[in-house]
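In: model this:
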Amino acid sequence: MIYDIDFETMPREALEAIQLRRLQTTLENVYAKVPFYKEKFKEAGIVPGDIRSLNDLSKLPFTTKQDLRDNYPYGMFAVPMESVVRIHASSGTTGSPTVVGYTRRDIDNWSDLMARALCAGGATRGDIIHNAYGYGLFTGGLGVHYGAEKLGASVIPVSGGNTKRQIVIMRDFGPTILTATPSYTLHLAEVAKEMGFSFSDLNFKFGIFGAEPWSEDMRKELEETLGIDAVDIYGLSEVMGPGVAIECHEAKCGLHIFEDHFIPEIIDPITGESLPYGETGELVFTSITKEAFPIIRYRTRDITSLHPEPCVCGRTHIRMKRVSGRTDDMLIIRGVNVFPSQIESVLMKSSETTPHYQLVVDRENNLDTLTVKVEVSESLFADEIKMLQNTEKKISKDIKEYLGVSAKVKLVEPKSIARSEGKAVRVIDNRQR
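Out: Down below sits the predicted model:
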């Protein structure tokens, strides 16, 4: 089923006409109402009227997370505060939080887009959605919540945490759709097993997972462990929140970007040059319907590629490949670029280990070292402890062959790596301390 068949299956020519019209309106708006953009446009030697086609988009300056922090808290807003009905913000763990605002129309559009996304991910009006994304300043929980209500589904606003209570609710309330981060979902399955429950005995059909990069091997683990179809959803608060893009459950092959609201680009993260379809680079977004917090050519730091080929589901919007990592999460170990998701792909192929891992980077004698801490399965730890050294050597060899970087593998006891109720902490880089 497609939620908004007119827009989601629109012919390319008609879609691009809508994009251009909305883009031009957005540019006029930010030029007139956001001093930051007026100054950036002047520095680039352009005015909104210079953008006469979508091909002219590359003439516009980029926006970065640092720009948002420099204009903290409300300097990027294009409407007066009395028109802002909702404020969200990032955690600000590496600097000032990035603050985003929404008008009533923004909230309505977001609800519609999340209804589209949930529908693409397998949800219907008759479903009960167990929403384990965090509520509050993080956009995930409320984004899913409003979308579920717009779709007409029932939503359980359980948020993150209280894991044992969540398992009881899953058993008693009979939810059919699970929304959460993939790392927390694995923790839910782990706790359910300890409590004597199996996800396969529950009513879940689909899981819609996002907010952190996860691999195709992680999808297999989730589907086998939970007995459901696992679908990837993408979003970021600076652009809107969840619901910018999602896989359709029919294909599960790339995430449909809702292009009537967001214009995507791929650029070379070093040079900033635009890249053609199919090439891998940094994802850039321009929002074209946001009122309170429109954003122009925002560098997401997410690594992916764009693909225009038709999809079996009938949606015509372009698809982005699953995010493989972030430029700010990328580790450079002795000249080799390493993403946590690449390590994850190697670890998921080992039957002796679990999906719970952490990468520790140090510098010894002026050389970078990478240690991969990964939990062994309980059966191995209990019955085959003598195999640990052989397993460590095998995984280390696989990482070397797959990524071309040497890593020390340290197998640790089950449940010894801290669990997260939101986004998992995958990397500890001691070089930055």
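
In: pretty sure L188 is touching V158, no?
Out: No. With contacts counted by Cβ atoms under 8 Å, L188 stays clear of V158, the gap being 10.5 Å. Placement of C-beta: from N, CA and C, glycine included.

In: which neighbours do those two share?
Out: Residues touching both L188 and V158 comprise A132, Q166, with contact defined as Cβ atoms under 8 Å, 6 or more residues apart in numbering.

In: Looking at the two, which one has more neighbours?
Out: L188 (24 against 21; other Cβ atoms under 10 Å).

In: Which secondary structure state does the more buried one sit in?
Out: helix (DSSP: H, G, I helix; E, B strand; the rest coil).

In: Where does pLDDT dip in this structure?
Out: Residue ranges of the chain with pLDDT under 70: 91-95, 334-335, 365-367, 379-387, 421-422, 432-433.

In: domains for it, by residue range?
Out: 1-328, 331-432 (automatic domain parsing).

In: any idea which of those is most buried?
Out: Mean neighbour count (mean count of other Cβ atoms under 10 Å) peaks for domain 1-328 among those, with a mean of 19.

In: Pull up the distance across it, start to finish.
Out: Terminal residues of domain 1-328 are spaced 37 Å apart (Cα to Cα, to the nearest Å).

In: Tell me where the chain has helices.
Out: Using DSSP state H, the helices of the chain run over residues 5-8, 12-33, 35-44, 65-70, 104-120, 139-151, 163-173, 182-194, 216-226, 340-347, 378-383, 388-403.

In: show me the contacts for the closest residue to K290 other than its chain neighbours.
Out: Excluding its sequence neighbours, the residue lying closest to K290 (Cβ to Cβ, 6 or more residues apart in numbering) is D106, at 5.9 Å. Shown in contact with D106 (Cβ under 8 Å, 6+ apart): R86, M240, K290, E291, A292, F293.

In: same thing but at 6 Å, please
Out: K290, E291, A292 (Cβ atoms under 6 Å, 6 or more residues apart in numbering).

In: Just give me the closest of those to D201.
Out: Nearest to D201 among the contacts of D106, counting by Cβ to Cβ, is K290 at 42.9 Å.

In: L255 and G241: what is the separation?
Out: Taking Cβ to Cβ, to the nearest Å as the measure, L255 falls 15 Å from G241.

In: isn't F293 right up against Y102?
Out: No. Counting by Cβ atoms under 6 Å, F293 stays clear of Y102, with 7.2 Å between them.

In: how about TSV for the helices of the chain, with distance to A78 added?
Out: Listed next are those as TSV, based on distance: least, Cβ to Cβ, whole Å:
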stretch	distance to A78
helix 5-8	24
helix 12-33	4
helix 35-44	9
helix 65-70	14
helix 104-120	11
helix 139-151	19
helix 163-173	39
helix 182-194	35
helix 216-226	38
helix 340-347	35
helix 378-383	54
helix 388-403	44
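
In: Tell me which of the ones you listed lies nearest to F77.
Out: helix 12-33 (8.3 Å).

In: by contact count, what packs against that closest one?
Out: helix 35-44 (3 or more Cβ pairs under 6 Å, 6 or more residues apart in numbering; DSSP states H and E).

In: Would you mind extracting the C-alpha trace of the helix it packs on into PDB?
Out: Output of helix 35-44 as PDB, limited to C-alpha atoms (Å, rounded to 0.1, in the frame of the first residue of the first chain):
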ATOM      1  CA  PRO A  35      20.600  37.000   8.000                       C
ATOM      2  CA  PHE A  36      23.100  34.000   7.900                       C
ATOM      3  CA  TYR A  37      21.800  33.000   4.400                       C
ATOM      4  CA  LYS A  38      21.700  36.500   3.000                       C
ATOM      5  CA  GLU A  39      25.300  36.900   4.000                       C
ATOM      6  CA  LYS A  40      26.300  33.500   2.600                       C
ATOM      7  CA  PHE A  41      24.500  34.300  -0.700                       C
ATOM      8  CA  LYS A  42      26.300  37.600  -1.000                       C
ATOM      9  CA  GLU A  43      29.700  35.900  -0.400                       C
ATOM     10  CA  ALA A  44      28.900  33.500  -3.200                       C
END
